[in-house]
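A.B. asks: Here you go, sequence then predicted model.
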There are 2 protein chains.
Amino acid sequence: MSKIVDEVLSANAAYAAEFGAKGKLAMPPARRFAILTCMDARLDPAKYAGLAEGDAHVIRNAGGRASDDAIRSLVISHKLLGTGEWFVIHHTNCGMETFTDEVMGDLLASSLNTAELTPTGWRDRGGGGSPEGRYVKWLTFTDLAGSVAEDVRRIRGHPLVPGGIPIYGYIYDVGSGKLIEVPEATEAGAPA
Amino acid sequence: MSKIVDEVLSANAAYAAEFGAKGKLAMPPARRFAILTCMDARLDPAKYAGLAEGDAHVIRNAGGRASDDAIRSLVISHKLLGTGEWFVIHHTNCGMETFTDEVMGDLLASSLNTAELTPTGWRDRGGGGSPEGRYVKWLTFTDLAGSVAEDVRRIRGHPLVPGGIPIYGYIYDVGSGKLIEVPEATEAGAPA
């Protein structure tokens, strides 16, 4: 067994041993909201937003972007499980600001192995690449607040999203742990 | 300000006040692994797998499915940020087992508002629906262990995923908090 699997299962056994009443939680989120945020390892949405188990849906991908898959998840969250307020939370020092589709396409064509970020950009040693990376939209961005506004607008404009759901745009500061609103992004939602 | 926003910002202020050395964490995950799991409110991957801030990437969507967007995130996780082991973790009592694409298409065509799960299936009151839900693959499943195996296989077979990355298949039991391996799903990965 890998060291990582061993560590994860040990931590899980300790968590399960103290599980108690959490085993009786209902499927719909008790606090009826959802957060879309980045997969970044430094972010713990339960901690930074004060969530207990059972409180809220948490959707995460590279960048916290409003991809079709994130919108699939948000629509299920509202339509079947009753969430009525949504947050889009990107963060400072995001990896998605360090490359472009062209850079990623070139890197993957060179090698599938991990690249290194040097002062002059991403570099790898080559070998065993694939051109398939050129056919993927990686959803990078250069303007952090703008990316939050763009994603809130994309969700707001989606035909399966009811107009009455408020969608709040925020930036999480990885240096301070603080949530900072992007006021021009937030969409209050039309009265139902 | 909504009650939810107020609560989230209060919890965030308390978290940021004790942030300390977490503000100095590096972008790449320190423990070099990633978890793909469901958005379900009852799941807290940091708690159930023992993650501190900075440890691991966490990708979440409805079902914890290996969508194109989840694979986009995993490829970025390995290629740019160095993760080398991945977990796919679905869970018991998942909402994705309670409907089908046809049911969701009909519900959304009837109304965008929240439906109710009755003993005879999902029902809503109608009004203001959209046919767009019929054009979405919702990624539901009926066989929990099978869905884990299917998703691990889809990731393993992707042309941008290096053969050497182990991909572990697990089920999280919402009744006990325990992680249970799906041995037939796990792909050890070829030696590099």
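C.D. replies: It's in. Numbering: from 1, shown residues only, chains lettered A, B, ... in the order given.
A.B. asks: how about stretch A:22-32: buried residues?
C.D. replies: A:22, A:25, A:27-29, A:31-32 (16 or more other CB atoms under 10 Å in any protein chain shown). Where C-beta positions appear, they are placed from N, C-alpha and C, glycine not excepted.
A.B. asks: per-domain residue ranges of chain A.
C.D. replies: Per the record, chain A has its domains at A:27-97+A:139-192, A:100-137, by automatic domain parsing.
A.B. asks: For the helix of greatest length in chain A, name the packing helices and strands.
C.D. replies: Among the segments of chain A that qualify as a helix by DSSP state H, the longest is helix A:3-17. In this structure, helix A:3-17 makes packing contacts with helix B:45-49, strand B:85-91, strand B:179-181, judged by 3 or more CB pairs under 8 Å, 6 or more residues apart in numbering or on different chains; DSSP states H and E.
A.B. asks: Just say which of those is most tucked in.
C.D. replies: Ranked by mean neighbour count, the helices and strands packed on helix A:3-17 are led by strand B:85-91 with a mean of 26 (mean count of other CB atoms under 10 Å in any protein chain shown).
A.B. asks: Can you list the strands that that strand pairs with?
C.D. replies: Using DSSP bridges, the strands paired with strand B:85-91 are strand B:33-38 (parallel), strand B:167-172 (parallel).
A.B. asks: Just checking the distance from the first one to the centre of its chain.
C.D. replies: Okay, so that is strand B:33-38. 7 Å (CA atoms, centre = their mean, to the nearest Å).
A.B. asks: what does the last one give?
C.D. replies: Per CA atoms, centre = their mean, the displacement of strand B:167-172 from the mean C-alpha position of its chain is 12 Å.
A.B. asks: just the strands paired with strand B:85-91: most buried one?
C.D. replies: For the strands paired with strand B:85-91, the largest average neighbour count (mean count of other CB under 10 Å) is found in strand B:33-38, namely a mean of 27.
A.B. asks: Can you pull out the residues in contact with it?
C.D. replies: Residues outside strand B:33-38 that contact it (CB atoms under 8 Å, 6 or more residues apart in numbering or on different chains): A:4, A:39, B:43, B:45, B:49, B:56-64, B:66, B:70, B:73-74, B:77-78, B:83-91, B:94, B:96, B:151, B:172.
A.B. asks: Which pLDDT does the model give the most far-flung residue of chain A relative to its centre?
C.D. replies: Computed with CA atoms, centre = their mean, the residue of chain A farthest from its C-alpha average is A:Gly127, at 30.7 Å. Looking at A:Gly127, its pLDDT is 90.
A.B. asks: Relative to A:Asn12, how far out is A:Ile89?
C.D. replies: A:Ile89 sits 27 Å away from A:Asn12, going by CB to CB, to the nearest Å.
A.B. asks: Also A:Pro45?
C.D. replies: Relative to A:Asn12, and taking CB to CB, A:Pro45 is found at 19 Å.
A.B. asks: Which parts of chain A are helices?
C.D. replies: Going by DSSP H, chain A shows helices at A:3-17, A:45-49, A:68-79, A:101-110, A:144-156.
A.B. asks: hmm, the shortest one touching chain B?
C.D. replies: Yes - counting by CB under 8 Å from any CB of the partner chain, contacts between helix A:45-49 and chain B involve A:46-49.
A.B. asks: centre of the chain versus that helix, how much separation?
C.D. replies: 13 Å.
A.B. asks: Outside of that helix itself, list whatever touches it.
C.D. replies: Here helix A:45-49 makes contact (CB under 8 Å, 6+ apart) with A:35, A:37, A:51-52, A:56, A:58, A:60, A:87, A:89, A:172, A:177, A:179, B:8, B:11-12, B:15-16, B:44, B:46-47, B:53.
A.B. asks: ok so, going back, deepest-packed of the domains of chain A, please.
C.D. replies: Of these, the one with the most neighbours on average (mean count of other CB under 10 Å) is domain A:27-97+A:139-192, at a mean of 21.
A.B. asks: what is the mean pLDDT for that one?
C.D. replies: On average, domain A:27-97+A:139-192 scores 96.
A.B. asks: Contacts only, for the nearest residue to the residue farthest from the centre of chain A once chain neighbours are set aside.
C.D. replies: Leaving aside its sequence neighbours, A:Gly127 sits nearest to A:Ser111 (CB to CB, 6 or more residues apart in numbering or on different chains; 5.1 Å). Contact partners of A:Ser111, counting by CB under 8 Å, 6+ apart, are A:124-129.
A.B. asks: Check what pLDDT A:Ser111 gets.
C.D. replies: A:Ser111 is given a pLDDT of 98.
A.B. asks: List the beta-bridge partners for it.
C.D. replies: Counting by DSSP bridges, the residues bridging with A:Ser111 are A:Gly127, A:Gly128.
A.B. asks: Could you pull up the residues touching A:Ala149?
C.D. replies: Applying CB under 8 Å, 6+ apart to A:Ala149 gives the contacts A:169, A:182, A:184-185.
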